[in-house]
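Novice: I need the structure of the sequence given here:
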Amino acid sequence: LEEFVEKIKELSADDPFVIKYGELGPVYGRQWRNFNNEGIDQVSKLVDSLKNNPYSRRHIICAWNPAEVDEMALPPCHSFLSNDQKYLSCQLYQRSADTFLGVPFNIASYALFTAMLAQVCGYEAKEFIHTIGDAHIYKDHFEVVKQQIAREPLPKCKLVLNPDVKSIFDYKIEDIKIEDYQSHGKLVGKVSV
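Specialist: Residues are numbered from 1 along each chain as shown. Sure thing, here's the model as predicted:
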């Protein structure tokens, strides 16, 4: 992956490799902030709804867009976010899940997003519920997964967000801290598409 990123950075924007592989198309962020390229900002609408209509059962963000899915390098693997009254929980449906490489990132990113939303909307973050349609381990990950499951779990760390942040759009990396984080050595697996 690092080699791929470096190659993209070195080439010009009009290079055939960059044109073919450098842009993922209208995927997650575009659908969340400008759905169907029509100016529909799902994140802003979600924040407004969480603050002003807290008991709604319609607090949902969807990245799946049939009108633009063929323009995406890889269609969204996860698509929904939702809430529950005083506490904010995230229920994520993921259509396809690379259990070794993708799922840990998905869990961390959606749990963080839930905590950030909870803080700025006046909720307490409660739980992350992850439903997977197709969970898989690629053959070239078998050996590294065996190493991973042989490891003893370490104590949990703690997420601490800057309490002064009042808008979901104002978070900066320095507003997010992980305390008491411990990890085993790095495991490496090839990205498969």
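Novice: Within the helices and strands, which one has the closest residue to residue 115 other than its chain neighbours?
Specialist: Leaving out its chain neighbours, the residue that sits closest to residue 115 by CB to CB, 6 or more residues apart in numbering is residue 125, at 4.4 Å. (C-beta placed from N, C-alpha, C; glycine too.) Following DSSP states H and E, one finds residue 125 within strand 124-132.
Novice: pLDDT wise, what is residue 58 at?
Specialist: For residue 58, the model assigns a pLDDT of 85.
Novice: separation between it and residue 46?
Specialist: Going from residue 58 to residue 46 by CB to CB, to the nearest Å gives 10 Å.
Novice: any low-confidence regions in the protein?
Specialist: 1-2, 4-5, 8, 21, 79-85, 193 (pLDDT under 70).
Novice: hey, where'd the helices end up in this protein?
Specialist: 2-10, 16-21, 28-33, 42-52, 102-121, 142-150 (DSSP state H).
Novice: that older thread, who has more neighbours, residue 58 and residue 46?
Specialist: Neighbours per residue (other CB atoms under 10 Å) separate residue 58 from residue 46, with residue 46 holding more: 21 against 10.
Novice: can I assume that one is in contact with residue 117?
Specialist: Yes. Counting by CB atoms under 8 Å, residue 46 does reach residue 117; the two are 7.4 Å apart.
Novice: related to what we said a few turns ago, would you give the sheet partners of the strand holding residue 125, along with the direction of each?
Specialist: strand 87-94 (parallel) (DSSP bridges).
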